[in-house]
Every structure is written in C-alpha cells, then in structure tokens.
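Enquirer: With the input below, show me the fold.
(one chain, ligands or ions: 3)
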Amino acid sequence: MGETIIPLADLRYAAAVPRVPRDAPAPDGLLADRLGRPLHDLRISVTDRCNFRCSYCMPKEVFDRDYKFLPHASLLSFEEITRVARVFIAHGVAKLRLTGGEPLLRKHLEVLVAQLAALRTRDGAPLDITLTTNGSLLARKAQVLREAGLKRVTVSLDALDDAIFRRMNDVDFPVAEVLRGVDAALAAGLAPVKMNMVVKRGTNEQEIVPLARHVRERYGRDVVLRFIEYMDVGATNGWRMDEVLPSDDVRTLLQRHFPLEPLEPNAIGETAERWRYADGGGEVGFISSVTKAFCRDCNRARLSTEGKLFTCLFASRGHDLRALLRGQRPDGTPYSDADIAAAVGALWRERDDRYSELRSAGAAAAGSGERRVEMHYIGG
Ligand code: SAM
Ligand code: SF4
Ligand code: SF4
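Expert: Ligands and ions are numbered 1, 2, ... in the order given. Got it, this is the predicted structure:
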C-alpha cells in the first residue's frame, strides 16, 4: 500500500515574538493555563537532525540530501537553553526531557546535562532530567551522560526483528546496536530504562509480543516497554487512521500471552497508562494519544532547537523566545530573566490547547489550517 508523502519546501514555522507584559506578577510556581493546567514539564529539542529516517517521523522522500536543516548559528547555545530552563523552573517546572531529532547527535551534550543538573527546583530539589533517544549512540554515551547528571533515559525501538527494524528506521540500522545501548544505560545506572515502541498497523504489530517477551526475559523490571499509538503529528508522514492500532487492541493481544494488572499513575499528567505483568515480570505502558486523549492533564511545554516555544505537540505556531534571549528592550538594554519569565507566564495563562481531545471529538481537522510542527523538530 503506497503512502501519501507530502513534500514541503520549507519546514520552518511561524512564531511571533512574545509580548513582555509590564507589572507581571513574579513567578510563584503556581502558574495555570486557561484550563487550570500547571506547567510542570519542559521538553527541549537540542537538534533537528537525525541519523534515522523513520517513515512515521522523517520520511526519506522529504528529509533527503537537499533538505535544509537549521544552521548552527540559529540553534540555542547550551547557556541559552539553561537560561530558559531556569525561567521555566521559576514557574514550577521540575522535569526536563532532552529530545530532538536525535539528541545524541548534538556535540558535547553531557556539558548541557551538567549545566541543567546544577539547577534546582523551587523547593531546592534536583531536577528530574531525562532523554529520549533512538539508542544508536547510547552505548558510547551512556556513562558520560550519567556522570553529568542524567537521571533516566527512554530508548525508542519499534521491532525486535532485525529486518523489520532496519526497514522502519530506513537507514539499515541494526537492532543489536540499540540493545547494546540499552545494556550500557543499565550498566551506567540509568534503570529503569523506558523503551518506546510506535505501533503501526500493517508494519510492526507482529513485533508486539516478541519484543515484550524479549524485554521481560532479558531485562525484567529494569526496562518498561511502552506502546505508542501512531500519531498524526506534522504534515509529512502521510498518517492514516487505519494504520493506528488502538492501545486496547495491543493490550488484549498482550494479555493473551501475559496476564496484566492495572497500576495507579505515578504522577498527574503522565502520558502512559501503567500495567504490570501478573507474574511480577515487570511493567508495560500504553500511550494512547489517538484513542484516549490526555489533554486534560497536559502540563508539558516544548522548546524547539532554535528557541521557539510550543504549548502543544500539534501546534502550528510557536513563540520566539530566542528573540528575547538575543534581543533588546525598546530602550536598548537586554531582556532580563524576569522579562522572559513574564512573557512565558503570559503565554501559559493564555494556553487552551487540547488538540487530541478535539480530534477525538471529530473536530481536530478544525485546526487553523496551518501546517503543524514536525516531530523531529519539536521532539516527542
Ligand atoms: N530520535 C529520538 C527517538 O526516536 O527516540 C527522539 C526524538 S523522537 C521524535 C521522540 C519519540 O517520538 C520517539 O519515541 C518516536 O518513536 C516518537 N514518534 C515520532 N513520530 C511519531 C508518530 N508519528 N507517532 C507516534 N510517535 C512518534
Ligand atoms: Fe529520528 Fe527519532 Fe524521528 Fe526516528 S523518531 S526519525 S529516530 S527523530
Ligand atoms: Fe498536550 Fe496538545 Fe498532546 Fe493534548 S494534544 S496532550 S494539549 S500536547
């Protein structure tokens, strides 16, 4: 079955320079958006580049040799990222996730991790710093990242079968090397490792049980496998609803082989529904972004590689924080952290995003009609 691939001439997104309100209240960690949702989690994309070409994210036909990735000068520096993180922490953020593109392609990422690890939450506690990676470079980097202060890691792996995996990453990358990365992460003390499998009907659903079995047998409780519904992010992956395998179906299939029991969520706003193997063999998760929208508790903001803030994964417009980081007030002086915090606070108070809920209600096509942001650019 052929996929509809939509080529795009330019994948940059509209972003307005945020307003810096005068007399904004100082951040007190109690910020809430229009639906009462706090700001808890900041996802930071450190590169828009990737060494994989997963068809559901960066189809080769679009992200080819001619594709223009962001030039280095437009990327936020580590110092700029750390400054933004500090502002978000003042507003209550306690969890940072580094993502991409492939975050381990960003040179010296451990230096950024160390800078972020030196920050403290409003209560003086260390931050929860985690990273989502395709695992290809993890065997080399796990130890140094852990030493720099990384707390946890999520590794994406869509199949155990080598041929299927090589086809899905579309660069002929072997499964064994990703598993070596998982082993290295565990050896470095990054357990429990989360493993993300995007399930695409007709592509890798036959891998659900083998991968679950492998993870149970080889890693037990040290790796939590999470099944992600294939999402309609961006505009290039030719998404179709009939290629989504609902989490309920995945769970039913799994339960035929391994009885499962539900678990309570760890935290409000958690994306995965948690279940455990009844025989004590570990935990699995289901991320049902398509069939069970979880917008009601969505407390996540996303910072793109070039410093645009997105308040929803399905947004088409960002807010250009880099313009504040590098720009000047009308009087010629640089913007202060307090100015940036005031701008972020105003944006979050205005937020009413709930794309997935609207999609479920049949109204999501009712977006603005503008092109949505791509996953490799904003991170998962
Ligand atoms: N390159 C890293 C990786 O693959 O883990 C980090 C970035 S990637 C965009 C983050 C997560 O988004 C991955 O787990 C990936 O599988 C997931 N993802 C990408 N496109 C998706 C889609 N269309 N539907 C569901 N998940 C998707
Ligand atoms: Fe790269 Fe991750 Fe997207 Fe795959 S999902 S193309 S590994 S950014
Ligand atoms: Fe959050 Fe937007 Fe996803 Fe809803 S659709 S859960 S608001 S990122």
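Enquirer: Which residue ranges of the stretch 201-350 of the chain form helices?
Expert: 208-219, 247-257, 321-326, 337-350 (DSSP state H, counting those that start in this stretch).
Enquirer: now check the helix or strand that the longest one is followed by, is it near ligand 3?
Expert: Helices and strands here follow DSSP states H and E; after helix 337-350, the next one along the chain is helix 355-360. Yes. Among the residues of helix 355-360, Tyr355, Ser356 lie within reach of ligand 3 under Cβ under 6 Å from any ligand atom. Every C-beta, even on glycine, is put in place using the N, C-alpha and C of the backbone.
Enquirer: dump the residue contacts of the closest residue to Glu306 other than its chain neighbours.
Expert: Nearest residue to Glu306 in three dimensions, chain neighbours excluded: Ser74, at 4.7 Å (Cβ to Cβ, 6 or more residues apart in numbering). Contacts here follow Cβ atoms under 8 Å, 6 or more residues apart in numbering; on that basis Ser74 touches Thr305, Glu306, Arg322.
Enquirer: interface residues of the chain facing ligand 1?
Expert: Residues of the chain lying close to ligand 1 (Cβ under 6 Å from any ligand atom) are 50, 56-57, 99-100, 102, 132-134, 156, 196, 198, 228, 230-231, 233, 237, 375-376, 379-380.
Enquirer: just checking, which of these belong to strands?
Expert: The strands, defined by DSSP state E, take in Thr99, Thr132, Thr133, Ser156, Asn196, Val198, Ile228 from these.
Enquirer: looking at those residues, which has the most residues close by?
Expert: Within these, most neighbours by other Cβ atoms under 10 Å means Thr133, with 26 neighbours.
Enquirer: so who does that one touch?
Expert: The contact partners of Thr133, taken as Cβ under 8 Å, 6+ apart, are Glu102, Pro103, Leu104, Val153, Thr154, Val155, Ser156, Gly181.
Enquirer: beta partners of it?
Expert: With DSSP bridges as the criterion, Thr133 is bridged to Val155.
Enquirer: With pLDDT and distance to Asp162 as new columns, can the contacts of Thr133 be given to me in TSV?
Expert: Formatted as TSV, these follow (pLDDT from 0 to 100; distance: Cβ to Cβ, whole Å):
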residue	pLDDT	distance to Asp162
Glu102	98	20
Pro103	98	24
Leu104	98	21
Val153	98	22
Thr154	98	22
Val155	98	16
Ser156	98	16
Gly181	98	15
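Enquirer: Would you format the residues you listed as JSON lines with distance to Leu42 included?
Expert: Below are the contacts of Thr133 laid out as JSON lines (distance: Cβ to Cβ, whole Å):
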{"residue": "Glu102", "distance to Leu42": "19"}
{"residue": "Pro103", "distance to Leu42": "14"}
{"residue": "Leu104", "distance to Leu42": "19"}
{"residue": "Val153", "distance to Leu42": "17"}
{"residue": "Thr154", "distance to Leu42": "15"}
{"residue": "Val155", "distance to Leu42": "21"}
{"residue": "Ser156", "distance to Leu42": "20"}
{"residue": "Gly181", "distance to Leu42": "24"}
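Enquirer: so where's the stretch 251-380 of the chain shaky on pLDDT?
Expert: 363-370 (pLDDT under 70).
Enquirer: from the ones in strands among the residues of the chain next to ligand 1, which is closest to ligand 3?
Expert: Ligand 3 has its nearest neighbour among those in Ile228, at 12.3 Å by Cβ to the nearest ligand atom.
Enquirer: just checking, the closest one touches Val199?
Expert: Yes. Ile228 lies in contact with Val199 (Cβ atoms under 8 Å); the separation is 6.8 Å.
Enquirer: Neighbour-wise, which one of the contacts of Ser74 leads?
Expert: Most neighbours among those, by other Cβ under 10 Å: Thr305, with 27 neighbours.
Enquirer: How many neighbouring residues does Lys292 have?
Expert: As a burial measure, Lys292 scores 16 neighbours (other Cβ under 10 Å).
Enquirer: For it, give me its contacts.
Expert: Contacts for Lys292 (Cβ under 8 Å, 6+ apart) come out as Ser247, Glu273, Ser360.
Enquirer: In ChimeraX, select just the buried ones from the residues you listed.
Expert: One line in ChimeraX is enough to select the buried ones among the contacts of Lys292; burial here means 16 or more other Cβ atoms under 10 Å:
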select :247,273
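Enquirer: could you dump the contacts of Lys292 to TSV with distance to Asn266?
Expert: TSV is the format used below for these (distance: Cβ to Cβ, whole Å):
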residue	distance to Asn266
Ser247	18
Glu273	11
Ser360	24
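Enquirer: And the contacts of Lys292, which is closest to ligand 3?
Expert: Using Cβ to the nearest ligand atom, those come closest to ligand 3 at Ser360, 10.0 Å.
Enquirer: so how far is Arg49 from the closest residue to the closest one other than its chain neighbours?
Expert: Once flanking residues are discounted, Ser360 sits nearest to Ala293: 4.9 Å by Cβ to Cβ, 6+ apart. To Arg49, Ala293 is 30 Å away according to Cβ to Cβ, to the nearest Å.
Enquirer: got it, and Arg218?
Expert: Remark: distance between Arg218 and Arg49 (Cβ to Cβ) = 31 Å.
Enquirer: Those two: who's more crowded?
Expert: Between Arg218 and Arg49, counted using other Cβ under 10 Å, the more crowded position is Arg49 (18 against 12).
Enquirer: Okay then, goodbye and thanks.
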